[in-house]
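Undergrad: Sequence first, then the predicted structure, then my questions.
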Amino acid sequence: MMHILLYLRMEPNTEVKIACFNGKAEYKCSKAVTDSSPNSFKGYTDDDLFQFAERAIALLKSRDPNFFMEQIVRVDIFYDPVRKQLVVNEFESLEALVNCAVGSAEEHLITKLRKYWYNIGLSLVEFHMNRASLSR
């Protein structure tokens with residue numbers, strides 16, 4: 001089955017990508033345009049963008065209690081110059097590129113992702129080992 005989602009494209013299409021762990025925004029994965037262009041993020045601090053991403057995830061979860069949100073999610077945000085507000089472009093899953101944090105945050109993000117995946121792998125091995133020992 002194929003799904004097609006059509007939506008308006010903002011021009012210019014500058015967006016900020018925020019990496020969130022368990023609903024908490026932790027890293028900005030792209031630089032926001034802060035100049036006077038019509039689609040800029042001028043006046044928004046990183047903290048503003050992080051809070052917006054966290055509220056967006058919380059709202060999505062509250063609107064659909066059956067919705068499964070992975071532990072790592074990237075929230076892509078546009079600035080709508082007509083309404084003069086931030087807008088969620090999309091929620092990206094674990095497959096999203098999140099290792100593109102700006103500056104020194106990149107090292108921290110990559111380390112966190114490595115630990116995350118290591119712990120996932122370790123928990124899967126432990127699960128299967130326990131399961132195999134129970135079946136004997």
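TA: Right, received. Where do you want to start?
Undergrad: and the helix of greatest length in the chain, what does it pack onto?
TA: Longest helix in the chain, counting residues (DSSP state H): helix 105-134. On a contact count with 3 or more Cβ pairs under 8 Å, 6 or more residues apart in numbering; DSSP states H and E, helix 105-134 meets strand 16-21, strand 24-28. Where you see a C-beta, it was placed from the backbone N, CA and C, and this is true even at glycine.
Undergrad: per-residue confidence averaged over it?
TA: Mean pLDDT, computed over helix 105-134, is 78.
Undergrad: quick check: angle from it to strand 24-28?
TA: In terms of direction (axes from the mean of the first three to the mean of the last three Cα atoms, to 10 degrees), helix 105-134 departs from strand 24-28 by 130 degrees.
Undergrad: can you put the helices and strands packed on helix 105-134 in JSON lines and add mean neighbour count, distance to Val75 and mean pLDDT?
TA: Shown next, in JSON lines, are the helices and strands packed on helix 105-134 (neighbours: other Cβ atoms under 10 Å; distance: least, Cβ to Cβ, whole Å; pLDDT from 0 to 100):
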{"stretch": "strand 16-21", "mean neighbour count": "23", "distance to Val75": "5", "mean pLDDT": "87"}
{"stretch": "strand 24-28", "mean neighbour count": "19", "distance to Val75": "7", "mean pLDDT": "87"}
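Undergrad: pLDDT of stretch 78-87, averaged?
TA: Averaged over stretch 78-87, pLDDT sits at 86.
Undergrad: could you say which helix or strand contains the closest residue to Val88 other than its chain neighbours?
TA: Spatial nearest neighbour of Val88, excluding adjacent residues (Cβ to Cβ, 6 or more residues apart in numbering): Ala56 at 4.9 Å. For Ala56, the host element (DSSP states H and E) is helix 46-63.
Undergrad: Quick one: list the elements packing against that helix.
TA: The contact analysis (3+ Cβ pairs under 8 Å, 6+ apart) places helix 46-63 against strand 16-21, strand 24-28, strand 72-80, strand 85-92.
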